[in-house]
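Colleague: Output the structure for:
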Amino acid sequence: MSRPHFEGAEQEVGTRAVFVRSSGQSGVSRPAAVMVHGLGGQSTNWTDLMHELAELDCYALDLPGFGWSPPPSDADYSLTASADVVATLVQELSKSHDGPLHLFGNSLGGVISILVAAARPDLVRSLTLISPALPDLRPRRDTMGIPAVALPGVGRRLYHRMGKVSAERQVAAMLALNYGDATVVTPERREEAAAEVARRLALPHSGDAMSAAARSLLTAYVARGQRSLWAAARRVSCPTLILYGGRDRLVDPKRSLRAARALPHARVMVLTRLGHVAQLEDPALVARMARPMLAAS
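Modeller: Numbers count the residues shown, from 1 in each chain. Next up, the predicted model:
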């Protein structure tokens, strides 16, 4: 039986309207965490991990233009803009939680979380990265379509062309791509995912959001010097846990070696049987891996 998604609401975060789900209990002040989804994901990607980490007040946001968050008025889906939104949310929440928060990020959300931790070390107590989409320009069969999605105009057409494929078939393909073992996904979660695919395809901004976010990520991949994502990683000063899936088809677990060298305070682990979204595939294991660092920091 799938556990229920946490309630959320749209709120103003700086100059952006952002939908945020929370597991917090009214009137109770506990350590808190903010969770950032990946490309094409949304806040419900963290539901099961939020249930596992019941000792924390967890806040999962939909990045602007994704999930239930409206598109930004300036159509800025860049990594920098997304990092600014996350940093502003963490800063606002830190006022009611007496200091810095824990930060979780998956895939694209992992890169955004690195940028936040590097730029605002005063806001981040610890960093947990799940298959972070750090630079890797080597071709892989399952990532060959991302450059096409990133092309202006082309990406939007490709995205909406998927509307000709049933939502159920799209979900089956998505689960096969992202999970090491998709049989762990319950029928309820499959139905929810199919309904969400249909809803998202009907939104006029969805294709632009996906294309522009992918384009910003690929642009960051070729940045050099102090503007590179690896340089940002070296500036992270908080305790960090990096989890890679041994069966990840999107982020090569071999990146764990360079990540271990780049992040000065990182513990890096490869979860051999899991895929790209370990927090969805085995939230209990992810919580168990993260809990010692969360408690210590």
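
Colleague: Wait, A87 touches A118, no?
Modeller: No - A87 is beyond contact range of A118, at 10.5 Å (criterion: CB atoms under 8 Å). In this view, the C-beta of every residue, glycine as well, is placed from N, C-alpha and C.

Colleague: Next up, the contacts around the residue nearest the centre of the chain.
Modeller: Geometric centre of the chain, nearest residue: H37, 2.2 Å, by CA atoms, centre = their mean. By CB atoms under 8 Å, 6 or more residues apart in numbering, H37 lies in contact with S43, N45, W46, A60, D62, L63, F66, G67, N106, S107, L108, G109.

Colleague: can you map out the strands along the chain?
Modeller: Assigned by DSSP state E, the chain shows strands spanning 8-13, 16-22, 32-36, 57-62, 101-106, 124-130, 240-245, 266-271.

Colleague: quick one, the shortest one and strand 16-22 angle?
Modeller: What it means is strand 32-36. 120 degrees (axes from the mean of the first three to the mean of the last three CA atoms, to 10 degrees).

Colleague: if I look at R291, how far off is Q279?
Modeller: According to CB to CB, to the nearest Å, R291 and Q279 sit 13 Å apart.

Colleague: For the two, indicate the residue with more neighbours.
Modeller: Q279 (26 against 15; other CB atoms under 10 Å).

Colleague: Tell me the spatial nearest neighbour of the more buried one, not counting adjacent residues.
Modeller: Distances taken as CB to CB, 6 or more residues apart in numbering place L49 nearest to Q279, at 4.4 Å, with adjacent residues excluded.

Colleague: ditto for R190
Modeller: In space, and not counting its chain neighbours, R190 is closest to V171: 5.9 Å by CB to CB, 6+ apart.

Colleague: Let me see the residues that make contact with the lowest-mean-pLDDT helix or strand in the chain.
Modeller: Sorted by mean pLDDT, DSSP states H and E, the helices and strands of the chain end with helix 154-161, the least confident at a mean of 72. Contacts with helix 154-161, where a contact means CB under 8 Å, 6+ apart, come from G145, A148, V149, L201, S206, G207, D208, M210, S211, A212, A214, R215.

Colleague: Between those, which sits nearest L127?
Modeller: A214 (23.2 Å; CB to CB).

Colleague: Just give me the neighbour total for the closest one.
Modeller: Neighbour count for A214, taken as other CB under 10 Å: 22.

Colleague: Looks like it contacts P152 (just checking).
Modeller: No - the pair A214 / P152 is not scored as a contact, 10.9 Å apart, by CB under 8 Å.

Colleague: Now for the two: what residues contact both?
Modeller: Residues touching both A214 and P152 (CB under 8 Å, 6+ apart): there are none.

Colleague: all helices for this protein, in order.
Modeller: With DSSP state H as the criterion, the chain has helices at 47-52, 79-96, 108-119, 146-150, 154-161, 167-178, 187-201, 206-221, 229-234, 255-262, 278-281, 283-296.

Colleague: any chance of these in TSV, with distance to G246 too?
Modeller: Formatted as TSV, these follow (distance: least, CB to CB, whole Å):
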stretch	distance to G246
helix 47-52	19
helix 79-96	27
helix 108-119	17
helix 146-150	21
helix 154-161	30
helix 167-178	14
helix 187-201	22
helix 206-221	23
helix 229-234	21
helix 255-262	10
helix 278-281	10
helix 283-296	12
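
Colleague: so what's the nearest residue to T88 once chain neighbours are set aside up against?
Modeller: Distance criterion CB to CB, 6+ apart; nearest residue to T88, sequence neighbours excluded, is G14 at 4.1 Å. G14 makes contact with D84, V85, T88, according to CB under 8 Å, 6+ apart.
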